[in-house]
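> Here is my input, please return the structure:
(chains A and B)
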2 protein chains.
Amino acid sequence: MTWVEGAAGSPYGVHNLPYGVFRHDGREPRIGVRIGDLVLDLAGAEAAGLVLAAGALGQPTLNAFLALGRPQWTSVRQRIVELLTGPEHRSAVEPLLVPVADIELVMPFQVGDYVDFYSSEQHASNVGQIFRPGQPPLLPNWKHLPIGYHGRGGTVVVSGTPVTRPCGQRATPDGPVFGPSVRLDIEAEVGFVVGVPSALGEPVGVDDFAQYVFGVVLVNDWSARDIQAWEYQPLGPFLGKSFATSVSGWVVPLDALADAWTPAPAQDPPVLDYLRDVPHLGLDLRLTVSWNGTEVARPPFAGMYWTPAQQLAHLTVNGASVRTGDLFASGTVSGERRDQVGSFLELTWGGQEPVQLADGQSRTFLADGDTVTISATAPGPDGTTVGLGEVTGTIRPARSQP
Amino acid sequence: MTWVEGAAGSPYGVHNLPYGVFRHDGREPRIGVRIGDLVLDLAGAEAAGLVLAAGALGQPTLNAFLALGRPQWTSVRQRIVELLTGPEHRSAVEPLLVPVADIELVMPFQVGDYVDFYSSEQHASNVGQIFRPGQPPLLPNWKHLPIGYHGRGGTVVVSGTPVTRPCGQRATPDGPVFGPSVRLDIEAEVGFVVGVPSALGEPVGVDDFAQYVFGVVLVNDWSARDIQAWEYQPLGPFLGKSFATSVSGWVVPLDALADAWTPAPAQDPPVLDYLRDVPHLGLDLRLTVSWNGTEVARPPFAGMYWTPAQQLAHLTVNGASVRTGDLFASGTVSGERRDQVGSFLELTWGGQEPVQLADGQSRTFLADGDTVTISATAPGPDGTTVGLGEVTGTIRPARSQP
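Numbers count the residues shown, from 1 in each chain, chains lettered A, B, ... in the order given. This is a model prediction of the structure:
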């Protein structure tokens, strides 16, 4: 039981302890861990000798800590739990607690490569039906490998960063025109943050996931559908995605999600050996998408066809290495029902079926000034709930054209 | 006239001065500039006060120097020319020269995002004819925008790094199988190294290329055609490319290529305003591809349909930012004739027409042990030649399967 007031029963109790990097009081960004509605200043804790992490907690990003590896991740976590539960530590630790309301979270890690998968069968089927009506909704490769592509690591931004409506080319019957995207969308996803680097030429096996991956963030892979539709053949999405990808400021460690593993959907046809994960487990993360405050969908991550362990094994099976700070995201999380989809493309079925928001407005795609917030929870130990924070962003008007 | 013996008349005279990062004598990597068959130790030169660059030359990568921007790039270059031409500097500088033969070049910069374009009309047409016979070889978008995609920045390696044959899935009539790629190929390209970062949301105009881009490297975008063919729909190349991308160890500054600019092919239909570069200039870089020592192709970079300034303008027009160390490559450089193509897919027309090498062997795709070397030259001032060094790699057998 933690001595931190209000933390017991919170989705951010000692069973969670997500890491972030925060600004407070005008000081440089520093690493902290959330407990209840407070943040424990881990840079201060390490400087005071309360926790030992080879100096990694004194850095302005999580990368050095991420690189330490699972034994250190676990021992630091255990020590933080001791500090927050042992009454004898209270006098030393309490001065290092800051209200969440008083901080600003910044980008928690420096992103190496960003890979985006496409691992929800429902999402891939929906997109196939919307874009290729009358044809088989899934392409022949989809059930044999986790389809993915590289996104832009340099434009991954922290939750709260405004998103400027991108300009670009879109097709019209009279040929392509240039201007602000008119079909700006979201993709609600879950991202996995790589801690330990792998060697070039050495695949990471499907059983080694937890040795390499530190934890989880929520991801909004903003997508300009009109730009994307015109550009993506034959080499895939590019400017339709690269203008911004938002991630939650809190990185939830895998250690906090031990009770969230759940059998993933059976895979038929059987997968090739290097993708066979036994047990075949996904994570029971329950996402919520809200649009200007109206909850519009609850995408269930547990239903993803490809698991994160399969994604990492696939990503590296050709010998590609991973680096500390690499981020790979699940792809849009969509369930079977319309109120479970993770994109507005699906929610409005290609923009044909507007949704009504609580303020009386109706929408197909994003309007300037709109705010989208994706949050999530997971089951924790002993009936607790693990909060995954949120990823939010507000659309700014396109940059005025020259 | 330089006082460095053998440098006058060399493609690495004072008109060139490419930058690299080298190991010598067991010491840590340091920045140098090539002059003739020697390397000037710039870390040593800056430490001795012979050149001033805010300490950037004392770093183990070029990134800090790249971030300084064009005025500093030019002033450092002018100072190096002074040092290498003024006889009064000889006694101070000569001890800082090391034979190229005695050094090992390491990766010259830390790569941020790696983007690969597809900007040769001949290459795109050849690929279209090989993969989609009977259909229009170019897709409808190709002449309206420079098609590109994000590759894997973390697996960009320096010339000389062995390339392990990747394993992956490939399609067979009986379904996909896993194993070493049997259609391992090259792509001879030219890469552009970003120095100055841009702000998120602020496009880089087509006229601002030289303010952001420091210089040029040669690129071999190794490609497993069988893996690529099976995976690439609908999100583009992924594991077929991500196992390794090799770059030359010498980064040739744009300042050395002032005489290499040449009118690029006329563009019809006209491009949208943001892509209109006046004058519309490409670079007259003359590539040579050798396969186990046999020269098999001479791809002419001057014929590329999309110019590097257009590529950068397109890459950022949606507001995507660039970072120091970002690399964008041209896409495979192919000319009109069969002996001008930059991939073996084209050289052997999809593997149907083997090529004969000088050692009597014939090849379609790469065999284990094969070495491919791409080199290039450009016209320099006053009839000189600018050498772009080379990017070379040898294929190692696939990792043995479990």
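> So which residues of chain A form helices?
Listed in chain order, the helices of chain A (DSSP state H) span A:42-47, A:63-66, A:70-85, A:90-93, A:121-131, A:209-212, A:225-231, A:239-242, A:308-316, A:344-347.
> Chain B: which of the ones you listed is closest?
Comparing the helices of chain A by their distance to chain B (CB to the nearest CB), the top pick is helix A:239-242, with 4.3 Å. Any C-beta I mention is one placed from the backbone N, CA and C, and that applies to glycine too.
> Next one: that closest one, is it in contact with chain B?
Yes: using CB under 8 Å from any CB of the partner chain, helix A:239-242 reaches chain B at A:239-240, A:242.
> can I get those residues in a markdown table with pLDDT and neighbour count?
Shown next, in a markdown table, are the residues of helix A:239-242 next to chain B (pLDDT from 0 to 100; neighbours: other CB atoms under 10 Å in any protein chain shown):
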| residue | pLDDT | neighbour count |
| --- | --- | --- |
| A:239 | 98 | 27 |
| A:240 | 98 | 26 |
| A:242 | 98 | 29 |
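> Name the nearest of these relative to residue B:217.
Taking CB to CB as the measure, residue B:217 lies nearest residue A:242 of the residues of helix A:239-242 next to chain B, at 21.9 Å.
> Tell me, how many residues neighbour residue A:305?
22 (other CB atoms under 10 Å in any protein chain shown).
> Tell me which residues touch it, please.
A:119-121, A:143, A:264-265, A:267 (CB atoms under 8 Å, 6 or more residues apart in numbering or on different chains).
> Tell me how chain A divides into domains.
Per automatic domain parsing, the structural domains of chain A span A:19-106, A:114-396.
> which residues touch residue A:159?
Residue A:159 touches A:105, A:218, A:246-249, A:389-393, counting by CB under 8 Å, 6+ apart.
> If we ignore the residues flanking it in sequence, what's nearest the residue of the stretch 101-250 of chain A found nearest chain B?
Across the stretch 101-250 of chain A, the shortest distance to chain B (CB to the nearest CB) belongs to residue A:236, at 2.3 Å. Ranked by CB to CB, 6 or more residues apart in numbering or on different chains and with sequence neighbours excluded, the top spatial neighbour of residue A:236 is residue B:236, at 2.3 Å.
> roughly how far apart are residue A:71 and residue A:53?
From residue A:71 across to residue A:53, the span is 12 Å (CB to CB, to the nearest Å).
> who's more crowded, those two?
Neighbour totals were compared for residue A:71 and residue A:53, and residue A:53 leads with 20 against 9 (other CB under 10 Å).
> so what's that one up against?
If you count contacts by CB under 8 Å, 6+ apart, then residue A:53 has A:42, A:46, A:65, A:68, A:72, A:76 around it.
> Look up how far chain B lies from it.
24 Å (CB to the nearest CB, to the nearest Å).
> now residue A:382, nearest residue through space, not along the chain?
In this structure, residue A:382 finds its nearest non-sequential neighbour in residue A:15, 7.9 Å apart by CB to CB, 6+ apart.
> Distance-wise, check that neighbour relative to residue A:96.
Separation of residue A:15 from residue A:96 (CB to CB) stands at 20 Å.
> go on, residue A:119?
In terms of CB to CB, residue A:119 sits 39 Å off from residue A:96.
> okay, these two: which has more neighbours?
Legend: neighbour count by other CB under 10 Å for residue A:119 and residue A:96, higher for residue A:119 (28 against 19).
> so the more buried one sits right up against residue A:306, yeah?
Yes: with contacts counted by CB atoms under 8 Å, residue A:119 reaches residue A:306, the gap being 3.8 Å.
> residue boundaries of the strands in the stretch 251-400 of chain A?
For the stretch 251-400 of chain A, applying DSSP state E, counting those that start in this stretch gives strands covering A:252-253, A:261-263, A:281-283, A:286-291, A:294-297, A:327-329, A:355-356, A:362-363, A:371-379, A:385-396.
> Around chain B, pick out the residues from the stretch 201-350 of chain A.
So far as CB under 8 Å from any CB goes, the stretch 201-350 of chain A lies against chain B at A:201-203, A:224, A:227, A:230-240, A:242-244, A:269, A:272-274, A:314-315, A:317-323, A:326.
> State the number of residues packed around residue A:4.
23.
> thinking it is in contact with residue A:39, fair?
No: judged on CB under 8 Å, residue A:4 makes no contact with residue A:39 at a distance of 10.8 Å.
> overlap in contacts of the two?
residue A:97.
> picking up where we left off before, drop anything exposed from the contacts of residue A:305.
Neighbour-count burial (16 or more other CB atoms under 10 Å in any protein chain shown) applied to the contacts of residue A:305 gives A:119-121, A:143, A:264, A:267.
> Tell me the one of those nearest residue B:112?
residue A:119 (26.3 Å).
> Now tell me which helix or strand of chain A has the poorest mean pLDDT.
None of the helices or strands of chain A scores lower by mean pLDDT, DSSP states H and E than helix A:121-131, at a mean of 95.
> Can you list the buried residues in it?
In helix A:121-131, counting by 16+ other CB under 10 Å, buried: A:121-130.
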